[in-house]
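**Q** Generate a structure from the sequence data that follows.
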Amino acid sequence: MPTQTFFGLGAVKRNRIEQALLHEFSSHPLCEAQVGRIVRDASIARGAFYVYFDDLDDAYRHALAIALRDIHGGLIDALENSPGDTLDVFYQYTFAVVRQMASSPYADLLRLHWQINEDQLQGHEKSADLRGGVGTRRSEVERFFDDHSLIVAGQPLHDGDANVVAVRMLTQASHCCVRDVLAGRPAGSVMADFATLLRIMRDGLRCRTENGTESSIVGKAKMKEAADRVPRT
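**A** You can find the predicted model right below:
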């Protein structure tokens, strides 16, 4: 995360730096990014970069957060303004994002992230975890559902664990739709698969809201999450 000094900058200078970050990380993989190009584009001293960010990884995370905040912000607005089925909202919003992605200012950044940078960044974060650093970060959408329940077929899903797992699956599946379209897969095929997944999830979660029986989808996801937490030797 950028330092408080960065957030204390005037809006014009802060925006200029952020645009330089977005340009660099949209044009080059993280492993090839250069502080020199960023500071030149932002018209700041090299030393100032390290006053604002710990390193290139830190700057990259901020650029990615800008893109995801804009994308998630629209989804959160849609969720707040749509009291109907949450899964329908996820589908409609993902469909809109997929349609607009070709002209999105974040298309190249996200394409590089999912094709190259994600694995590199995760490797760095695992190293940080071993040194006592911060682990996986929760998305704004996941935090939104701390105070809201999913609505499935008109019924709220009050089970906290089921909410957490379902929201994580929905968010990851939505990201996968965008990733696959950016990788060149036809949008129609991608969205058809997403619709099938949502139909399966809705059927399982409807049982959960009606009689408290944990759906197989949620159960399997929780088992996988627990398995992922087991340290590998």
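**Q** quick one: the strands in the chain?
**A** Assigned by DSSP state E, the chain shows strands spanning 151-152, 155-156.
**Q** What is the neighbour count of the spatially closest residue to Arg206 that is not a sequence neighbour?
**A** Ranked by C-beta to C-beta, 6 or more residues apart in numbering and with sequence neighbours excluded, the top spatial neighbour of Arg206 is Ala153, at 5.1 Å. All C-beta spots, glycine's among them, are computed from the backbone N, C-alpha and C. The local packing of Ala153 (other C-beta atoms under 10 Å) involves 14 other residues.
**Q** Am I right that Ala153 is in contact with Leu87?
**A** No: look at Ala153 against Leu87 with C-beta atoms under 8 Å: they stay out of range, at 9.0 Å.
**Q** Ends of stretch 24-34, what's the gap?
**A** Across stretch 24-34, the straight-line distance between its terminal residues is 8 Å, by C-alpha to C-alpha, to the nearest Å.
**Q** So for stretch 191-203, what gets flagged as buried?
**A** Residues of stretch 191-203 classed as buried under the neighbour-count rule (16 or more other C-beta atoms under 10 Å) are Met191, Phe194, Leu197, Leu198, Met201, Arg202.
**Q** Restrict that stretch to CA atoms and write it as PDB.
**A** Coordinates of the C-alpha atoms in stretch 191-203 are reproduced here as PDB (Å, rounded to 0.1, in the frame of the first residue of the first chain):
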ATOM      1  CA  MET A 191     -21.000 -16.100 -20.600                       C
ATOM      2  CA  ALA A 192     -22.900 -19.300 -21.400                       C
ATOM      3  CA  ASP A 193     -20.500 -21.200 -19.100                       C
ATOM      4  CA  PHE A 194     -21.000 -18.500 -16.400                       C
ATOM      5  CA  ALA A 195     -24.800 -18.800 -16.700                       C
ATOM      6  CA  THR A 196     -24.500 -22.600 -16.200                       C
ATOM      7  CA  LEU A 197     -22.400 -22.100 -13.100                       C
ATOM      8  CA  LEU A 198     -24.800 -19.600 -11.700                       C
ATOM      9  CA  ARG A 199     -27.800 -22.000 -12.300                       C
ATOM     10  CA  ILE A 200     -26.000 -24.800 -10.400                       C
ATOM     11  CA  MET A 201     -25.100 -22.400  -7.600                       C
ATOM     12  CA  ARG A 202     -28.700 -21.100  -7.400                       C
ATOM     13  CA  ASP A 203     -30.200 -24.500  -7.200                       C
END
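**Q** Now do the shared contacts for Ala153 and Leu87.
**A** Common neighbours of Ala153 and Leu87, using C-beta atoms under 8 Å, 6 or more residues apart in numbering, are Arg202.
**Q** would you turn the buried residues of stretch 191-203 into TSV with distance to Thr94 and pLDDT?
**A** As requested, those are arranged in TSV below (distance: C-beta to C-beta, whole Å; pLDDT from 0 to 100):
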residue	distance to Thr94	pLDDT
Met191	7	96
Phe194	6	96
Leu197	11	95
Leu198	10	94
Met201	14	91
Arg202	15	90
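**Q** Let's have these in a markdown table, adding distance to Phe6.
**A** Putting those into a markdown table (distance: C-beta to C-beta, whole Å) gives the following:
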| residue | distance to Phe6 |
| --- | --- |
| Met191 | 38 |
| Phe194 | 37 |
| Leu197 | 39 |
| Leu198 | 39 |
| Met201 | 40 |
| Arg202 | 43 |
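**Q** Select, out of the strands of the chain, the one closest to Ile66.
**A** Distance to Ile66, taken as C-beta to C-beta, is lowest for strand 151-152 among the strands of the chain, at 29.3 Å.
**Q** Please name the strands paired to the closest one in the sheet, noting orientation.
**A** Next to strand 151-152 in the sheet, as set by DSSP bridges, lie strand 155-156 (antiparallel).
**Q** I appreciate the help and will end here.
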